[in-house]
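Visitor: One predicted model, sequence on top.
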Amino acid sequence: MSTSQQPRSESGDTTAGGSGTTAGATSEPAAGPGYSGAAAAETAPAAAGEDQTGGEQAEEVKLGPTGRPLREIPEPPELHTHGPATVLAMCNQKGGVGKTTSTINLGAALAEYGRRVLLVDFDPQGALSVGLGVQPHELEQSVYNVIMERSLPVDSVIRNTKLEGIDLLPSNIDLSAAEVQLVAEVGREHTLLRVLHPVMKQYDYVLVDCQPSLGLLTVNALTASDGVIIPLECEFFSLRGVALLIDTIDKVRERLNPKLDITGILATMFDPRTLHSKEVMARVVEAFGDTVFDTVINRTVRFPETTVAGEPITKWAPRSAGAAAYRQLAREVIGR
Ligand SMILES: Nc1ncnc2c1ncn2[C@@H]1O[C@H](COP(=O)(O)OP(=O)(O)OP(=O)(O)O)[C@@H](O)[C@H]1O
Ligand SMILES: [Mg+2]
């Protein structure tokens, strides 16, 4: 999908104007550009509605949490052959926004749809590995070794997980040395791309969980990727730094990887009960338009629980709203 890469300027090109492709653009009548998404989140703001609390009559167009009309996202087609993989980097230099949680759960949901998935832990903290029940300090070899030793085949370090269809390239604290050591390498930005190349045909999706920084490891992830998913927490400061992230993505596209695209912006930790969350959401949609996924991940204690359990939410609480949300995200990702 070719989305617009730039955050749309607040005054100029806004959501409804730029893109006629999605259902979202067709019916935003009364709201107009820069609608107050806060009010818009549950029911269409019926222009003439005298009594705003009476939701029943105004329910012709049901709006999703993004303030856009809800749409059905079709079941993805069954796959009979696999690969070559689409590589997606989960990236935001802000910490704690849901990169790792989204990597695990999107990966698990894609696997439920029959996609073969490789999850790459590209953070020395190893949270993705932990989230899949792997103890980073017990690893003999990790992504660090394949990055630094050209002769070490990547499939000797990739491991199966308890989850069908999901493999893991794990990481641990060793990877923190790579940032410094890679600087002296020729083609240092292409190291991850080179490492992944031999296994691309075995997978449908490779998801790279980036660390919260825009350093050389993240640039490696972007250079190896077809798309970027940017998780954004629905909090006041979440938009700070996104311009810098998009600038980095633009530079990588210009200089290192022309195919790099922003697959989507994923709003996470949304709290439908607070006006604040809704206001942040409205600003995000205003700034990024259709690049924002329809799927929104609510804030729920279920996610921290899954980390302790070492399982994705689709396994830990398969009928939960969180599991449903990541399945919907998987359908959106497959469709984009
Ligand atoms: N939707 C959610 N609701 C509530 N808690 C969540 C949600 N998503 C993630 N969390 C929790 O928030 C914390 C940070 O999430 P996560 O580790 O996925 O973020 P991250 O962006 O990968 O962080 P880092 O930048 O440190 O790598 C974790 O404890 C996680 O369990
Ligand atoms: Mg993380």
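Guide: Yep, it's here. What you see is a predicted model; the values in this text were computed from it and never measured. Ligands and ions are numbered 1, 2, ... in the order given.
Visitor: can you give me the mean pLDDT across the longest strand anywhere in the chain?
Guide: Determined from DSSP state E, the single longest strand within the chain is strand 261-270. Across strand 261-270, pLDDT averages out at 97.
Visitor: tell me what that strand is packed against?
Guide: Judged by 3 or more Cβ pairs under 8 Å, 6 or more residues apart in numbering; DSSP states H and E, strand 261-270 is in contact with helix 99-112, strand 227-233, helix 275-288, strand 292-298, helix 321-335. Where C-beta positions appear, they are placed from N, C-alpha and C, glycine not excepted.
Visitor: Comparing the ones you listed, which comes out most buried?
Guide: Mean neighbour count (mean count of other Cβ atoms under 10 Å) peaks for helix 99-112 among the helices and strands packed on strand 261-270, with a mean of 27.
Visitor: Quickly run through the sheet partners of the next helix or strand after that one, with directions.
Guide: Sequence order places strand 117-122 as the next helix or strand after helix 99-112, per DSSP states H and E. Using DSSP bridges, strand 117-122 pairs in its sheet with strand 166-169 (parallel), strand 205-210 (parallel).
Visitor: Let me have those in a markdown table, extended by distance to ligand 1 and mean pLDDT.
Guide: Compiled in a markdown table, the strands paired with strand 117-122 are given as follows (distance: least, Cβ to the nearest ligand atom, whole Å; pLDDT from 0 to 100):
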| stretch | distance to ligand 1 | mean pLDDT |
| --- | --- | --- |
| strand 166-169 | 15 | 98 |
| strand 205-210 | 7 | 98 |
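Visitor: Now do the contacts for the residue nearest the centre of the chain.
Guide: Nearest residue to the geometric centre of the chain (Cα atoms, centre = their mean): residue 229, 3.5 Å. Counting by Cβ atoms under 8 Å, 6 or more residues apart in numbering, residue 229 touches 88-91, 102, 106, 263-266, 333.
Visitor: Per-residue pLDDT of it, please?
Guide: According to the model, residue 229 scores 98 on pLDDT.
Visitor: and the residue of the stretch 1-150 of the chain nearest ligand 2?
Guide: residue 100 (3.3 Å; Cβ to the ion).
Visitor: who's in contact with that residue?
Guide: Neighbours of residue 100 in contact, by Cβ under 8 Å, 6+ apart: 90, 123, 127-128, 131, 209.
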